[in-house]
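Asker: pasting the sequence and the predicted model now:
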Amino acid sequence: MVDPALGLARELARAVRDERVIRAIAAVPRERFVPPGERARAYENVALPIGCGQTISQPLVVARMLSLLALSAGDRVLDVGTGSGWHAALLGLLAGEVWTIERHRDLSESAAARLRRLRLRNVHCVVGDGWEGLPGHAPFDAINVAAATGARIPPALIAQLAPGGRLVAPVGGEDAQRLVLARRTPTGVRVRRLEPVRFVPLVRGAPG
């Protein structure tokens, strides 16, 4: 019997050619990051509810975002929108140090417990306003935003990119979002608009 995480990874490999990303997805058991009532669907290529009005993102979209970030083993990464912690766990396998920020304390604490059980000691959970990022830990080589930012990427996140840093985020309103890849170059920040996606909105303000 094929391990379900490996089966999901093989399915995603048809669309995402980044071998490091595919190996990370095969290594992290997604069922640990979904509520008990959703575990039968943990390895379907769909987003699933996790509480607090949030979701664990569709695996294909997560794989695509990870691939776009082009992560190296020594990279410092900011993950905005911890949710269940699955995306952060994958980042932890692909990068050097990861700070993941979530405004819902219950979600952040649950994610931290899951990450500890997986012994991902390089992933640090923070409760806070993801719109503002974590300037005290900046600059970051990569920033992953797992919630839709509205009409623009938050300026604070752009400011926290290191030289050569990459940021991936869904940008746009509820009915017209696209993935965006931003990169800091010697001449400024270059932005590419990519494929349509659908994410819950990034909520601004103090943690709720």
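Answerer: Right, received. Where do you want to start?
Asker: tell me the SS of L71?
Answerer: Under DSSP: H, G, I helix; E, B strand; the rest coil, L71 falls in the coil class.
Asker: do V180 as well
Answerer: In terms of secondary structure, V180 is strand; the call rests on three-state DSSP.
Asker: kindly state the beta-bridge partners for it.
Answerer: On the basis of DSSP bridges, V180 is bridged to A169, R193.
Asker: how about A9, what does it touch?
Answerer: Shown in contact with A9 (C-beta atoms under 8 Å, 6 or more residues apart in numbering): 22-23, 25-26. (Each C-beta comes from the backbone N, C-alpha and C, glycine too.)
Asker: tell me the spacing between it and L167.
Answerer: 25 Å (C-beta to C-beta, to the nearest Å).
Asker: what count of nearby residues applies to D3?
Answerer: D3: 12 surrounding residues under other C-beta atoms under 10 Å.
Asker: residues contacting it?
Answerer: Per C-beta under 8 Å, 6+ apart, neighbours of D3: A26.
Asker: quick check, pLDDT for it.
Answerer: With respect to pLDDT, D3 has a value of 90.
Asker: how close does it get to D106?
Answerer: Distance, D3 to D106, using C-beta to C-beta: 30 Å.
Asker: repeat for F33
Answerer: Counting by C-beta to C-beta, the gap from F33 to D106 is 14 Å.
Asker: tell me the SS of S108?
Answerer: Applying three-state DSSP: S108 is helix.
Asker: wait, what's in contact with it?
Answerer: By C-beta under 8 Å, 6+ apart, the neighbours of S108 are 82, 102, 125-127.
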